[in-house]
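Novice: I'd like to go over a predicted model; first the sequence, then the structure.
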Amino acid sequence: MAKLTVHGDDRTLTSILEVLPSEPERQWRKGEPKGAGRVHLDSGFEVLVAEASQAQVLPSRIRSYLAECRSRGVSFSMPRIVAELQFQLGAVASPATASAPLDLPLGDLAVFSEMGISLSVAARA
């Protein structure tokens, strides 16, 4: 699974959400409770970019989503905005997919950098 989490300035977030190719799964506002007696320090949203049962399918789906974002003029490299693409790799379903890599060529990494997106990779058991 690949999710894009964006947080920062309310006005800039609103302008991004107006042209984003999909609706956010989750949104929050600065000051709203986030659990354990804590509050959000800034506003933000989370968007599901891609979901696939095999890791090697994710890069092409992410490329498509980000290409659509770019065609709509979306960028996350603006001041006061932080964007992170989170890869959540699930447990191995079968021995055949146990060694399937998640390959991100340099071109993909360059696009992430140009668009102001950092990466986070986590494995779930």
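Specialist: Happy to help now that I have it.

Novice: residues contacting A50?
Specialist: The contact partners of A50, taken as CB atoms under 8 Å, 6 or more residues apart in numbering, are M1, A2, V57, L58, R61, I62, Y65. Placement of C-beta: from N, CA and C, glycine included.

Novice: try T5
Specialist: Counting by CB under 8 Å, 6+ apart, T5 touches G44, F45, E46, A83, E84, Q86.

Novice: Bridge partners for it, pull those for me.
Specialist: On the basis of DSSP bridges, T5 is bridged to E46, E84.

Novice: What residues does the residue lying closest to P33 once chain neighbours are set aside make contact with?
Specialist: For P33, the nearest residue in space outside its immediate sequence neighbours is V39; the separation is 5.6 Å by CB to CB, 6 or more residues apart in numbering. With CB under 8 Å, 6+ apart as the criterion, the residues that contact V39 are G31, E32, P33.

Novice: now do 10 Å
Specialist: Taking CB atoms under 10 Å, 6 or more residues apart in numbering as the contact definition, V39 lies against W28, R29, K30, G31, E32, P33.

Novice: again with M115
Specialist: Remark: with contacts taken as CB under 10 Å, 6+ apart, M115 is in contact with L66, C69, R70, V74, S75, F76, S77, A83, L85.
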